[in-house]
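Asks: Here is the input, now give the coordinates:
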Amino acid sequence: MIICRCAYSQSYDNNWVFGDSIGLNFSTGEPVFFETGINNPFEACASISDSDGNLLFYTNGNIVWDGNHSIMPNGEDLDIGYATPDHGSTITQGVLIAPAPLTDSLFYIIYLSRITIGTGCCLGLKYSVVNMKLNGGLGDISEKNMLLPSDTLTEKLQLVKHGNGRDWWLIALSKVYNEGELPRFVKFLISPSGIEGPFYQAYAATYQAIDGDNQDMGYMKFSQQGDKVCIAKGKDADVYDFNRCTGEFTNYINISNLVQEWDLINIIYGIEYAVNGRYLYISTYNYAASVSRPYLYQFCVSCPEPLEETKATIYEPDTGMYLAAMLLAPNGKIYMTSYSVDNPSDTLLYVINNPEAGGISCNFDSIKVSTGGIAFPKVNGLPNMPNYNLGPLEGSECDTLVAVNNLPPPKGIKLYPNPASDHIYLDGSEIYSSGVIDLHLYNLLGDEVFKYNNVELNTSTSLPELPNGLYEVVLETGGQLIYSGKLEIYR
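Replies: Numbering: from 1, shown residues only. Have a look, this model is predicted:
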C-alpha cells in the first residue's frame with residue numbers, strides 16, 4: 001500500500017480584505033494597510049492568498065476581484081443573498097473560499113444564496129469555481145452559481161480540514177421556524193471528486209431561529225485544531241467536540257447567561273479561539289448601542305471546571321459602542337471590528353494581543369489598528385477564513401491517504417446508481433468486454449469494510465448491510481487498479 005502526505009501552505013491567510021476597500025497584509029507580522037477594490041461588504045467577505053502569501057483574489061459574495069484589484073472575468077453577479085448596493089450582504093458568514101484538493105489552481109467560492117422553496121424564499125447554498133490558470137494567471141470564473149442541495153439555512157457557514165489533511169468538511173446549520181423544533185447540521189465533503197453530500201446530523205438541543213430572537217445570526221467557529229466548534233445561538237452559545245475523520249459533532253455544552261433576560265437587543269455574535277485552543281472568546285452585539293452595552297468574554301476550554309464557570313469579562317465598553325466579528329491572525333493575535341455611535345467615521349479595529357493568556361493578561365487593546373485612514377462605519381464582518389494550514393490528524397485512523405484515492409476513474413468504467421441503496425451496476429463495456437474483478441469498499445477512515453472477490457463487470461452487484469454514508473470503491477483485476485471513486489450508500 002502506497003501512503004502519501006501532502007505539503008501544507010503557511011500563507012493562505014496572509015491578506016485580509018474587508019470593509020470599504022480595506023486590506024491588511026501580515027507578511028511582516030503586524031498588519032499593514034493596503035487599498036483594495038472591495039466595495040463595502042456589511043458582513044460577508046472572503047479572501048485567499050497563495051503559498052507564498054501573495055493575494056490571489058477576494059469577494060463579497062457578489063463580485064470577485066483578482067490580485068490586481070480588478071473585477072475577474074465572469075466575476076460579477078454571484079448570487080449571494082441579502083445584498084444591497086449600499087452595504088453588501090448582511091449574512092454573517094455569507095461566503096467562503098475552499099481550495100480544491102490536489103490542485104493549486106482551482107478554488108470553490110461557496111455562498112449562502114436566496115432561493116425559492118415552495119412559495120417562500122430562504123437561504124440555500126450555491127458555489128462558483130475560480131480557475132487560476134485562466135486570464136494569464138489572474139483567474140477566471142469557470143462555473144457560476146451552481147446550486148447545492150440543502151435545507152433552509154441560517155447565516156452560519158464554515159470549513160474545517162478533514163483528518164486526512166487533504167479534503168474539507170463544509171458545515172452549515174439548518175434554520176427552524178417553530179418553537180422547540182430541532183435543526184440539524186448540513187455537511188458536505190469537498191474531495192478531489194468534487195463537493196459530495198449533503199449529510200445530516202441532528203442538533204443536540206432546540207434552536208429557536210425565530211426573527212424576534214435573531215438566533216440564526218452570529219458566527220460558527222472551529223478551533224485551530226479543528227476539534228472544537230462554538231456556535232452563536234441568540235443569547236446563548238453552544239460548544240461541540242468535532243471528529244475530523246467522521247464529521248460527527250458530539251459532547252454538546254450550552255453556555256447561557258451571556259445576555260440578561262431583559263436585554264432584548266443584545267445577541268451573541270463574534271466568536272474566536274486562541275491559536276492553542278485553550279481559550280475561547282465570545283462577544284455580544286447590540287442593536288441599540290445608545291441604550292445597551294456589548295461585552296467581550298473569555299472561557300477556558302481546557303480547564304477542569306465546567307466551561308460556563310470559567311467566564312471572565314475582558315471588555316465592557318460604555319453604551320454607544322458595537323462589538324462585532326473576531327478573527328485570529330497569522331501573528332497569533334485576534335482582531336475585532338467595532339463601531340462608535342458618537343464617532344461613526346472613526347476606524348476602530350480592536351486587538352487581543354495575547355489570546356493564549358487567561359483573564360486580563362490576554363491584553364485586550366482598544367487602541368485603533370490602522371486601516372489607512374479609511375473608516376468602516378457599521379461594517380461587522382472580517383473575512384470568513386478557516387484554518388487553511390491545518391494538516392492531518394496525527395495518530396488517527398485517517399491521517400494517511402491511500403494513493404488510489406487520488407486517482408481519477410479511468411475512462412470506460414461507470415458505477416451507478418449513486419447514491420445507491422441495495423445494489424450497484426458496474427458498467428465496463430467500453431473497455432472490458434468481459435472479466436472478473438475484486439471490489440473493495442473503504443469507509444472515510446480508510447478501513448476496508450467489505451470485499452467482493454470475482455465480481456463480474458456489466459452485471460448488478462448487491463451491496464452489504466452498511467450504515468448510510470460515503471464510501472470509497474476500489475476495483476482491481478490481477479492486482480492492477482482499474483477504478484477508484486466515491487459511493488454514497490443511502491437506505
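
Asks: For the stretch 251-400 of the chain, which segments count as strands?
Replies: Residue ranges of the strands in the stretch 251-400 of the chain, as given by DSSP state E, counting those that start in this stretch, are 266-273, 279-286, 296-300, 312-315, 321-328, 334-340, 349-352, 364-365.

Asks: State the distance from Met132 to Leu96.
Replies: From Met132 over to Leu96 the distance is 17 Å, taken as Cβ to Cβ, to the nearest Å. Every residue, glycine included, has its C-beta placed from N, CA and C.

Asks: do Pro417 as well
Replies: If you go by Cβ to Cβ, the gap between Pro417 and Leu96 works out to 31 Å.

Asks: Which one of the two is surrounded by more residues?
Replies: Per other Cβ atoms under 10 Å, whichever of Pro417 and Leu96 has more neighbours is Leu96, with 25 against 11.

Asks: domains for this protein, by residue range?
Replies: Structural domains of the chain, as assigned by automatic domain parsing, span the residue ranges 8-365, 402-489.

Asks: I'd like to know which of the ones you listed is closest to Gly395.
Replies: Distances from Gly395 to each of the domains of the chain were compared using Cβ to Cβ; the shortest belongs to domain 8-365, at 10.1 Å.

Asks: Quick check: mean pLDDT of the closest one?
Replies: Summarised as a single mean, pLDDT over domain 8-365 is 87.

Asks: Can you identify each of the helices in the chain by residue range?
Replies: According to DSSP state H, the chain carries no segments that qualify as helices.

Asks: ok, Glu143 touching Val130?
Replies: No - look at Glu143 against Val130 with Cβ atoms under 8 Å: they stay out of range, at 9.2 Å.

Asks: With neighbour numbers in mind, choose between these two.
Replies: Between Glu143 and Val130, counting by other Cβ under 10 Å, Val130 is the more crowded of the two (27 against 14).

Asks: which one is that one nearest to, not counting chain neighbours?
Replies: If you skip the residues right next to it in sequence, Val130 has Phe107 as its closest partner in space, 4.5 Å away by Cβ to Cβ, 6 or more residues apart in numbering.

Asks: so what's that neighbour up against?
Replies: The contact partners of Phe107, taken as Cβ atoms under 8 Å, 6 or more residues apart in numbering, are Ile48, Leu56, Phe57, Ile97, Ala98, Pro99, Ala100, Val129, Val130, Met132.

Asks: again with Tyr471
Replies: Tyr471 makes contact with Leu441, Tyr442, Asn443, Leu444, Val449, Lys486, Leu487, Glu488, Ile489 under the criterion Cβ under 8 Å, 6+ apart.

Asks: From those, keep the buried residues only.
Replies: Neighbour-count burial (16 or more other Cβ atoms under 10 Å) applied to the contacts of Tyr471 gives Leu441, Tyr442, Asn443, Leu444, Lys486, Leu487, Glu488, Ile489.

Asks: tell me the contacts of the residue nearest to the first one when sequence neighbours are not counted?
Replies: When the adjacent residues along the chain are set aside, Leu441 lies closest to Phe450, with 4.4 Å between them (Cβ to Cβ, 6+ apart). The contact partners of Phe450, by Cβ under 8 Å, 6+ apart, come to His440, Leu441, Pro464, Leu466.

Asks: how about 10 Å then?
Replies: Phe450 sits next to Leu439, His440, Leu441, Tyr442, Asn443, Leu463, Pro464, Glu465, Leu466, Tyr471 when contact means Cβ atoms under 10 Å, 6 or more residues apart in numbering.

Asks: swap in Thr28?
Replies: Asn331.

Asks: That one and Ala100, how far apart?
Replies: Computed with Cβ to Cβ, the distance linking Thr28 and Ala100 is 30 Å.

Asks: for Thr459, same thing?
Replies: Thr459 sits 34 Å away from Ala100, going by Cβ to Cβ.

Asks: ok so, going back, got any residues that touch both of Glu143 and Val130?
Replies: Asn74, Leu106, Tyr108, Ile109.

Asks: Tell me the spacing between the residue lying closest to the last one once chain neighbours are set aside and Tyr12.
Replies: Okay, so that is Ile109. In space, not counting the residues next to it along the chain, Ile109 is nearest to Ser128; the distance is 4.8 Å by Cβ to Cβ, 6+ apart. Applying Cβ to Cβ, the value for Ser128 to Tyr12 is 19 Å.

Asks: Next: Glu272.
Replies: Noted for Glu272: a distance of 17 Å to Tyr12, by Cβ to Cβ.

Asks: which of the two has more neighbours?
Replies: Ranked by neighbour count (other Cβ under 10 Å), Glu272 and Tyr12 place Glu272 first, with 25 against 22.

Asks: from memory the more buried one sits against Lys228, does it?
Replies: No - using Cβ atoms under 10 Å, Glu272 and Lys228 do not qualify as a contacting pair, with a distance of 11.8 Å.

Asks: what touches both of the two?
Replies: Common contacts of Glu272 and Lys228, defined by Cβ under 10 Å, 6+ apart, comprise Lys221, Leu280.

Asks: returning to that earlier point: would a markdown table of the domains of the chain with distance to Gly381 be doable?
Replies: A markdown table is the format used below for the domains of the chain (distance: least, Cβ to Cβ, whole Å):
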| stretch | distance to Gly381 |
| --- | --- |
| domain 8-365 | 4 |
| domain 402-489 | 32 |
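
Asks: To Ser396, which of those domains lies closest?
Replies: domain 8-365 (5.3 Å).

Asks: now the closest one, how far from the centre of its chain.
Replies: For domain 8-365, the distance between its averaged C-alpha position and the chain's averaged C-alpha position is 7 Å (Cα atoms, centre = their mean, to the nearest Å).

Asks: Farthest pair within the buried ones among the contacts of Tyr471?
Replies: Taking every pair in the buried ones among the contacts of Tyr471 and measuring Cβ to Cβ, the maximum separation is 13.4 Å, between Tyr442 and Glu488.

Asks: Show the contacting residues for the closest residue to Leu470 other than its chain neighbours.
Replies: Using Cβ to Cβ, 6+ apart and skipping residues adjacent in sequence, the residue nearest Leu470 is Glu488, 5.4 Å away. For Glu488, the contacting residues are Leu189, Glu196, Gly197, Phe199, Pro417, Asn418, Pro419, Ala420, Asn468, Gly469, Leu470, Tyr471, taking Cβ under 10 Å, 6+ apart as the criterion.
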